[in-house]
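*Asks:* Quick one, fold the following:
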Amino acid sequence: MKYLNYGLLIFVVLALLADWLHWSPVVVFFAAALGVVPLAGFMGTATEELAVYTGPKIGGLLNATLGNAAELIITIVAIRAGAMNPDQQEGLMQLVKASITGSIIGNLLLILGFSVLMGGLKFGTQMFDRRQAGVNATMLILAIIALAVPSLFSYSMEPLYHDGVEYLSIGVAIVMIIIYALSVLFSFRSASTAGTHQAEAEPHTPAWGLRTAIIVLVAATAAIAILSEVLVGSVEHVVAQLGITEFFLGIILIPLVGNVAEHVVAIQVALKNKMELSLAISLGSSLQVALFVAPLLVFISLLLNNPLTLTFNNFEVIALFGASLIAAMIAQDGESNWLEGAQLLAVYLIIGIAFFFLPA
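*Replies:* Model (predicted):
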């Protein structure tokens, strides 16, 4: 993966060059999307390296806040672009909301599905500690309920009480941030009391110095912000040329671009028969999007004068509930097999096809 990241850096240059020379918006968009992939990988690596120097608690906090940083940057740029371009505002806000839904569903069905499938094909039935997986699964269902409540409220009250939808979204976002902080605190205490010997069994030797890790993190963040401007700026033309919706781009492509490095790691550890870690990555990333990224975007959108409400369409709500329930059922028995992975992938494929044909 490391060498692939270096190779994909060529798309960073290509995207900037294509945008400067006014090439086809489709070329610009996909070059920028591919350029974000290695930069997100470098951000993840830099965060892991910093964790070695800061210690497990601060390092865990860094992972808890920066795990989906690339996707967060893209969505913030989209919100700002929508505030500056009223004609594109509705489409870009669809992109932002769809990326939230797509990240959660992608982690629970696509990535967990691939991990369970590949690990099951290699090892047969894989075992894991269902206690922590169960905690994450329960927290995930709570998060989906929190995301669904503003949507259900909106269907009933939007025509009569629009401000109430915004106020409810802000209130829900505050509660979600608090419960996410509590879950991070709980995981730290659990690790310190029960998992110290495991952490010592697999020490991580830093490959970079502290200064190098900080420089890479800052440079990758800045580069992703620049590419996000290029990517978002070409969305309208890509939608017109390819005949797809901003919604489909947000629900399928943006989550893959922002989280591909983390996705690869989840599959790799499953192939090492570390299914517990693979589950922690996929479920943990979904929780981070639902309980941290989504409410944070609500607050950031207020600062950018382009309020984001946590309202999703009926099909998104159904897909979120379905994905979370399936993931919870797999986590509850403490074991997985390749057939369960194939089932998860089948559900993701069905939902993806439906999202493709869903009108804007």
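*Asks:* going forward, measure contacts between C-alpha atoms and count neighbours the same way
*Replies:* Noted.
*Asks:* Let's verify Asn305: helix, strand, or coil?
*Replies:* For Asn305, the secondary structure call by DSSP: H, G, I helix; E, B strand; the rest coil comes out as coil.
*Asks:* Against Glu316, how distant is it?
*Replies:* Per CA to CA, to the nearest Å, Asn305 is found 25 Å from Glu316.
*Asks:* Counting neighbours, go ahead and name the busier of these two.
*Replies:* Higher neighbour count among Asn305 and Glu316: Glu316, with 21 against 13, using other CA atoms under 10 Å.
*Asks:* Next SSE downstream of the host helix or strand of the more buried one?
*Replies:* Assigned by DSSP states H and E, Glu316 belongs to helix 314-332. Counting by DSSP H and E, the element after helix 314-332 in chain order, helix or strand, is strand 335-336.
*Asks:* Just name whatever secondary elements that following strand is in contact with.
*Replies:* Helices and strands touching strand 335-336, as assessed by 3 or more CA pairs under 8 Å, 6 or more residues apart in numbering; DSSP states H and E, comprise strand 126-127.
*Asks:* got a list of contacts for the helix holding Glu316?
*Replies:* With contact meaning CA atoms under 8 Å, 6 or more residues apart in numbering, helix 314-332 is reached by 101, 104-105, 108-109, 130, 133-134, 137-138, 140-141, 144, 148, 336, 340, 344, 351.
*Asks:* From Ala331, how far out is Asp129?
*Replies:* 9 Å.
*Asks:* who has more neighbours, those two?
*Replies:* Each of Asp129 and Ala331 has its neighbours counted (other CA under 10 Å); Ala331 has more, 25 against 15.
*Asks:* do you know how far Thr54 is from Ala280?
*Replies:* From Thr54 to Ala280 the distance is 22 Å (CA to CA).
*Asks:* These two: which is more packed in?
*Replies:* The neighbour comparison of Thr54 against Ala280 (other CA under 10 Å) goes to Ala280, with 16 against 13.
*Asks:* What helix or strand is that one located in?
*Replies:* According to DSSP H and E, Ala280 maps onto helix 275-288.
*Asks:* Would you report the backbone torsion angles of Leu304?
*Replies:* phi -90, psi 10 (degrees, to the nearest 10).
*Asks:* That one reaches Ala81, doesn't it?
*Replies:* No - contact between Leu304 and Ala81 fails when scored by CA atoms under 8 Å: they sit 9.6 Å apart.
*Asks:* Could you check which of those two has the larger neighbour count?
*Replies:* Ala81 (20 against 15).
*Asks:* Okay, buried residues for the top helix by length along the chain please.
*Replies:* Secondary structure assigned by DSSP state H gives helix 162-194 as the longest helix of the chain. Applying a neighbour-count criterion of 16 or more other CA atoms under 10 Å, one finds 165-166, 168-170, 172-174, 176-177, 179-181, 183-184, 188, 191 buried in helix 162-194.
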